[in-house]
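Colleague: pasting a predicted model and its sequence here:
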Amino acid sequence: MNVAACVLVLADLSSALVIDTGSPDAMCPALAQTREAVSARLGELQVAQGGWRANYTITHAPDSKEGDFVRLDLFDPDGTLRLERRLPLAGRSCATMAQAVAVVLERYFRRLAGGSAELAPDRPEPAAPPPAAPESPVPTAAPPPASAPLAKPTSAPAPPVAPAPPVAEDERQLGATIGTGFATPPGALSLAVGAHADLAEGLRLGATVLMPFGSREENVDTGVAELDTYPLRLWFAWTARRGALSARVGPELYLALDVARARGVPDSGTALRVVPGLGVGGGVGLQLSSVFRLDLDGGLDAVNPRLTRRIMVYEEEVLVPQWFSAFVGIGVTISLPM
C-alpha cells in the first residue's frame, strides 16, 4: 500500500495553490494584488496533494445586463474543474475584486475541509446511475489483510464553518475629472478640470476649475473692454450610490478671477479682481468600469457685485459682475481607492 498517499501534507500556499490569470494585461485586479489577497486570506493549505490551480479571466459582456465580470476557475491536482464563478466588475475597485477572489477560494476550501465540496457548487450533481442488471456471480478480489487498514487522519473534525464577511463595495476614493461644459459668465464653452476626495462614507470634498474658451466684451466709446473669467468652485457634497449609478449634491464656494483689458482707448491696460459667491452644486455619475466614471455636473451660485472691485474706463464703470453664475458640463473621472 502507498502510505504516502494517505497522509496529509502541510504545504505553503505557493506550492499547494497556484494563482494565475488569463488576462495579465488587464491589470484589474492585478495578479500580484490577487495573490497577496489570497495568501493573506487562506494562509496555509493542508491537502493530500499539492498542485491546485486557480485561474481568473476578465470577460467583457457588452450585451449582458450584468456587464463585465471576472471568471474564476479552480482545478484540482488532476486537472478537474472543481469551481466556477462569475464575479461582477461593475462598480468595484481592483482591491475589492482581489478580495472577492480570495473570499470565494476560502469558502471552497473550508467546505472541502468539512467534506461538502467534492463538486463545484455551481455545477449540478450527476444523476444516480440506473440499477445494474443482475449478473452471474463472479469471483471478487480478496479484501486487504486486516493487519494493513487504510491510514486515517488523526486530526480533530473541522469546526463549523462561519460565513465569510461580505466583500465591501463602497470604498473611499481619490479622483480626478476632465471634461467640458457651458459657463456663464462669460457665456462660453469651457474646459473643466477637477479633483475630489472622500472624507468618509457618503461625504466628498472637491474642487473644479473652469477655463472658458471665450471672453465677455463691452463697447466703450471708440474701443472695447474685454473680460476673461476663470471660476474656481470648491464644493462639499453628500453622495449616494446604487449599482453603477451615483449622485452628489451640496453647497459650494464660488471664487472667480476676472482679467479685464481695454482696447482702442487711451488708457488701455489690464485690471484684476476676485469675484466671490455662494451656491449649490451637484451631479450624477455612471460607472463605466472599476476605474472610469462618466459624470454630468452642474452648479448655480449667487454673486454680489457690490463686494467686488469696480473697473472704470473714462470714469464710467464697465464689465459689472453678473448677479449669478451657472455651469453645466460632462466629463470623465478616474477614481482610485484611498
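Modeller: Now that the structure is in, tell me what you want to look at.

Colleague: what sits closest to A26 if chain neighbours are left out?
Modeller: I58 (4.5 Å; CB to CB, 6 or more residues apart in numbering). (C-beta placed from N, C-alpha, C; glycine too.)

Colleague: repeat for L234
Modeller: L253 (4.5 Å).

Colleague: can you tell me the distance between the two ends of stretch 261-276?
Modeller: 20 Å (CA to CA, to the nearest Å).

Colleague: low pLDDT regions in the stretch 151-300 of the chain?
Modeller: 151-171, 267-268 (pLDDT under 70).

Colleague: ok, which stretches of it are strands?
Modeller: Using DSSP state E, counting those that start in this stretch, the strands of the stretch 151-300 of the chain run over 173-184, 188-200, 203-212, 216-220, 223-242, 245-263, 270-287, 292-303.

Colleague: closest one to R82 among these?
Modeller: strand 270-287 (32.2 Å; CB to CB).

Colleague: give me the buried positions along the closest one.
Modeller: A271, R273, V275, G277, G279, G281, G282, G283, G285, Q287 (16 or more other CB atoms under 10 Å).

Colleague: just give the nearest non-adjacent residue to the first one, would you?
Modeller: Once its chain neighbours are removed from consideration, A271 has its nearest residue in A260; the separation is 4.5 Å (CB to CB, 6+ apart).

Colleague: what is the burial count for that neighbour?
Modeller: 22 (other CB atoms under 10 Å).

Colleague: next one: the one 3 residues further on
Modeller: Neighbour count of R263, defined by other CB under 10 Å: 12.

Colleague: hmm, back to that, so the residue nearest to A26 bridges to which residues?
Modeller: V70 (DSSP bridges).

Colleague: what's the answer for L83, then?
Modeller: L74.

Colleague: thinking again about what came up before, output the strands of the stretch 151-300 of the chain as CSV; include the columns distance to T96.
Modeller: Shown next, in CSV, are the strands of the stretch 151-300 of the chain (distance: least, CB to CB, whole Å):
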stretch, distance to T96
strand 173-184, 11
strand 188-200, 15
strand 203-212, 19
strand 216-220, 47
strand 223-242, 13
strand 245-263, 15
strand 270-287, 12
strand 292-303, 15
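
Colleague: which of the ones you listed sits closest to E84?
Modeller: That would be strand 270-287 among those, by CB to CB, at 25.5 Å.

Colleague: and that closest one, which strands flank it?
Modeller: Applying DSSP bridges, strand 270-287 is found paired with strand 245-263 (antiparallel), strand 292-303 (antiparallel).

Colleague: mind checking which of those is nearest C28?
Modeller: strand 292-303 (10.7 Å).

Colleague: what element comes up after that closest one heading to the C-terminus?
Modeller: strand 311-313 (DSSP states H and E).

Colleague: that next one pairs with which strands?
Modeller: Assessed with DSSP bridges, strand 311-313 is paired to strand 316-318 (antiparallel).

Colleague: now the very next helix or strand once past the partner strand - C-alpha only, PDB.
Modeller: Counting by DSSP H and E, the next helix or strand C-terminal to strand 316-318 is strand 324-337. In PDB, the C-alpha atoms belonging to strand 324-337 read as follows (Å, rounded to 0.1, in the frame of the first residue of the first chain):
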ATOM      1  CA  PHE A 324     -25.300  84.800 -10.700                       C
ATOM      2  CA  SER A 325     -23.000  82.300 -12.200                       C
ATOM      3  CA  ALA A 326     -24.000  78.900 -13.700                       C
ATOM      4  CA  PHE A 327     -22.200  75.900 -15.100                       C
ATOM      5  CA  VAL A 328     -23.300  72.600 -16.600                       C
ATOM      6  CA  GLY A 329     -20.900  70.100 -18.100                       C
ATOM      7  CA  ILE A 330     -19.900  66.500 -18.800                       C
ATOM      8  CA  GLY A 331     -16.600  64.800 -18.100                       C
ATOM      9  CA  VAL A 332     -14.700  61.500 -17.400                       C
ATOM     10  CA  THR A 333     -13.500  60.800 -13.900                       C
ATOM     11  CA  ILE A 334     -10.600  58.500 -13.000                       C
ATOM     12  CA  SER A 335     -11.000  57.200  -9.400                       C
ATOM     13  CA  LEU A 336      -8.700  55.100  -7.200                       C
ATOM     14  CA  PRO A 337      -9.200  53.700  -3.700                       C
END
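
Colleague: buried sites along strand 324-337?
Modeller: Buried, per 16+ other CB under 10 Å, within strand 324-337: S325, F327, G329, G331, T333, S335.

Colleague: if we can go back for a sec, and the residue nearest to A26, how many neighbours?
Modeller: I58 - counted by other CB under 10 Å - has 20 other residues nearby.

Colleague: other residues contacting the helix or strand hosting V18?
Modeller: Assessed by DSSP H and E, V18 sits inside strand 17-21. With contacts defined as CB atoms under 8 Å, 6 or more residues apart in numbering, strand 17-21 is touched by 31, 34-35, 38, 42, 45, 51-57, 105.

Colleague: same thing but at 6 Å, please
Modeller: Among residues not part of strand 17-21, those counted as contacts by CB atoms under 6 Å, 6 or more residues apart in numbering are L31, T34, R35, V38, L45, W52, R53, A54, N55, Y56.
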